[in-house]
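Peer 1: model this:
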Amino acid sequence: MRDRFGQRPGGKRGPLAGPNPTDRGKSGSKIHLITDRNGVPLSLGISGANMHDSLGLQPLVRGIPPIRSRRGPRRRRPAKLHADKGYDYDHLRKWLRERRIRHRIARKGIESSTRLGRHRWVVERTVSWLAGCRRLHRRYERKAEHFLAFVGIAAALIAHRRLTK
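Peer 2: Numbering: from 1, shown residues only. Predicted structure coming up:
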């Protein structure tokens, strides 16, 4: 039996919400994010909390809009991508090379995260700005599209604040 909104009674948080492995199995969502070097969000995505980070990289890179430059044609891909050890897979490295995107991905068991942390803190800062939005701290929406829309609004506000300074 479903109500007029297409939801089953008692169904919480809808699709793209999975059991969080670090929070006693409570269902939740994860926000995936690509930023430029100043912390302006370029591409957003959401998934269930139990989805691995590496599965969200390809849709995020494809979702980067063309960036207008002062000279020449619009850039349709980033020149370089920094990522942490969660993205250390050969198929992702190969996929980035095929698209002529230079990558700097920390290797599991070989490199420490401190060298890459010089660049990753920008992304962590932007994620903390998103977490500061009270509506995003806990997912209240049942539909994933609504939650993604609120994440997009928060990212637009962050971009506006960063670009008007």
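Peer 1: So the residue most central in space within the chain, which state does it fall into?
Peer 2: Among the residues of the chain, the one closest to the centroid is His32, at 1.6 Å (CA atoms, centre = their mean). Under the three-state scheme (DSSP: H, G, I helix; E, B strand; the rest coil), His32 adopts strand.
Peer 1: So what sits opposite it in the bridge?
Peer 2: His32 has these beta-bridge partners by DSSP bridges: Gly45.
Peer 1: Distance check, it against Tyr89.
Peer 2: Going from His32 to Tyr89 by CB to CB, to the nearest Å gives 16 Å. C-beta: built from backbone N, CA, C; applies to glycine.
Peer 1: what pairs with Gly28 across the strands?
Peer 2: Gly18.
Peer 1: residues near it, how many?
Peer 2: Using other CB atoms under 10 Å, Gly28 has 17 neighbouring residues.
Peer 1: same deal with Trp121?
Peer 2: Residues within reach of Trp121, counting by other CB under 10 Å, total 11.
Peer 1: ditto for the one 5 residues further on
Peer 2: Thr126 has 22 neighbouring residues, counting by other CB under 10 Å.
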